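> Make a model of this:
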Amino acid sequence: MKQRFYSNGKLLITGEYVVLDGANALAVPTKYGQTLEIEPFNQGTLLWQSFNSENELWFTDEIHINEGFIIHESTNNAISTRLIEILNAAKQLNPDFLNKKEGFKVSTKLNFPNNWGLGTSSTLINNIAQWANIDAFKLLKFTFGGSGYDIACAQHNTPITYCLQNKTPIVEAVSFLPEFKKHLYFVHLNQKQNSRDGIKHYKNNRNNVTEIIAKINVITLKIISCKTLNDFFKLINEHETLIAEITNQTPVKERLFSDFNGSIKSLGAWGGDFVLVASENNPSKYFKNKGFKTVINYNDMIL
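This next block holds a predicted model:
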C-alpha cells in the first residue's frame, strides 16, 4: 500500500539568527513544499528517487537495509551519505523503523526550485519523521541542527510565532493578515544560502544578544499587529539594523539595492534565498532590470 506525506516550506519573517538564542520569531508556511511517497519494493532495498519541480529526476540511489538493523551503503556520494545519516538517525529514534525484511521505493517531489531556500532539508526531515513515526524536532537535532522553526512551519498551515525555551520549541499559531499585503513581495537573490554557514557566522560574531533579543521580540509583536505600510517600513528597517549590529553584516538594501524606493528585509541566513520587499508600487521591473527575475507577491507565496 502506498503512503504519502507532505510538508510545507517556510519563510522566517522576524528573528533570524537570534531565534537560536530564544528570540520570539514570526514564521510563515508557504504554498510550496515537498511530498514523500513510499510503496513496496524489493526485499531489503530502498530505491530512493528525488524529483525537482520540473519533475526531473535529480538524485537516485539504491540503499541496502543490512539484516533489518541498520541502513548501510558504501558510497562516496555526499547526498547518499547525508540521506543514510538521516535514516540511521530515524532508526535510533524508532528502532522498529525499517526493522523488517521489507523493501521500499521512495519518491520525493519538490514543487519549488531546489535553490529557492524554502526548506528542501526541513520538509524532507519532517516527511521522514512522519514516515518513521518519530519527533521531527529530535530528528532535526540529530542531523542538520538549527532552531527548528522550519519544522514548525512544515507542520502548520498558519503563520506562527516560534521560540526556544530551555531548548524546547514553543509554537503558537497567530493571525498575520496585513491589510497592506498587496504591497509585499518576495524576491529571490539568485543564490542559495547555506543555513549552517550562516549560523556559524552568527555564533562567531554575535554581541549584545540579550539587549537585541528584547528589541526583536517587541518588533515581532508589532509586526503581527501592524496596520499600515509606513509602520511596516519602519519596523523592518529597525529589524535589519539590529541584526546587522549583532552579526556584523551589511543589510541587503544597503549592499545591493541602495537606490530602491521601499524597504527590504533579509529572511533567514543573510546573503541569499528570498528577501521580503515592501513597496508602494509593484517592484518587479526594478528587480528584473537588476537581474533578479523571481518576484512573487505575498498571496502567491504564503499559505
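> same question for stretch 225-243, mean pLDDT?
Mean pLDDT, computed over stretch 225-243, is 97.
> same check, this time on stretch 266-273
Stretch 266-273 comes out at a mean pLDDT of 88.
> Please save the CA atoms from that stretch in CSV.
These are the backbone C-alpha positions of stretch 266-273, laid out as CSV (Å, rounded to 0.1, in the frame of the first residue of the first chain):
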residue,chain,number,x,y,z
SER,A,266,16.5,39.5,4.6
LEU,A,267,14.8,36.3,5.5
GLY,A,268,16.7,33.6,7.3
ALA,A,269,20.5,33.5,6.8
TRP,A,270,21.7,36.7,5.2
GLY,A,271,23.3,36.6,1.7
GLY,A,272,20.9,34.5,-0.4
ASP,A,273,17.5,33.0,-0.9
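> okay, now the domains of the chain?
3-172, 177-301 (automatic domain parsing).
> list the contacts for the residue most central in space within the chain?
With the centre of the chain defined as its mean C-alpha position, the nearest residue by Cα atoms, centre = their mean is G119, 3.6 Å away. Counting by Cβ atoms under 8 Å, 6 or more residues apart in numbering, G119 touches S7, N8, G9, K10, T30, G33, Q34, D150, C153, A154. (C-beta placed from N, C-alpha, C; glycine too.)
> Tell me which of those fall in strands.
Judged by DSSP state E, the contacts of G119 include S7, N8, G9, K10, T30, G33, Q34 as members of strands.
> does A27 really touch I13, like I thought?
Yes - with contact defined as Cβ atoms under 8 Å, A27 and I13 form a contacting pair (6.4 Å).
> residues shared between the contacts of the two?
Counting by Cβ under 8 Å, 6+ apart, the residues touching both A27 and I13 are P159.
> Looking at those two now, which is surrounded by more residues?
A27 (27 against 22; other Cβ atoms under 10 Å).
> which non-adjacent residue is nearest N77?
D61 (6.9 Å; Cβ to Cβ, 6 or more residues apart in numbering).
> returning to that earlier point: check what pLDDT the residue nearest to the centre of the chain gets.
In this model, G119 is scored at 94, pLDDT.
> Can you tell me, leaving aside adjacent residues, what's nearest to it?
Nearest to G119 is G9, by Cβ to Cβ, 6+ apart, at 4.4 Å.
> What is the neighbour count of that neighbour?
Considering only other Cβ under 10 Å, G9 is surrounded by 26 other residues.
> cool, the one 10 residues further on as well?
With neighbours defined by other Cβ under 10 Å, the count for V19 comes to 25.
> quick one: low-confidence parts of the stretch 1-150 of the chain?
67-75 (pLDDT under 70).
> show me the contacts for the closest residue to V252 other than its chain neighbours.
Computed as Cβ to Cβ, 6+ apart, the closest residue to V252 that is not its neighbour in sequence is S266, at 5.0 Å. For S266, the contact set (Cβ under 8 Å, 6+ apart) comprises E16, E240, I243, P251, V252, V275, L276.
> of these, closest to V209?
I243 (11.6 Å; Cβ to Cβ).
> Tell me the spacing between the closest one and I219.
10 Å (Cβ to Cβ, to the nearest Å).
> cool, and T143?
Counting by Cβ to Cβ - T143 and I219 are separated by 31 Å.
> Likewise for A278?
With distances taken as Cβ to Cβ, A278 is found 14 Å from I219.
> just G146 next, same as before
Applying Cβ to Cβ to G146 and I219 gives a distance of 21 Å.
> With L57 instead?
Distance from L57 to I219, by Cβ to Cβ: 43 Å.
> These two: who's more crowded?
Ranked by neighbour count (other Cβ under 10 Å), L57 and I219 place I219 first, with 21 against 10.
> if I read this right, that one contacts H239, doesn't it?
Yes - counting by Cβ under 8 Å, H239 is a contact partner of I219 at 5.2 Å.
> hey, what's in contact with both of those two?
Joint contacts of I219 and H239 (Cβ under 8 Å, 6+ apart) are T14.
> just the helices in the stretch 151-300 of the chain please.
For the stretch 151-300 of the chain, applying DSSP state H, counting those that start in this stretch gives helices covering 195-205, 209-225, 229-247, 252-256, 284-289, 298-301.
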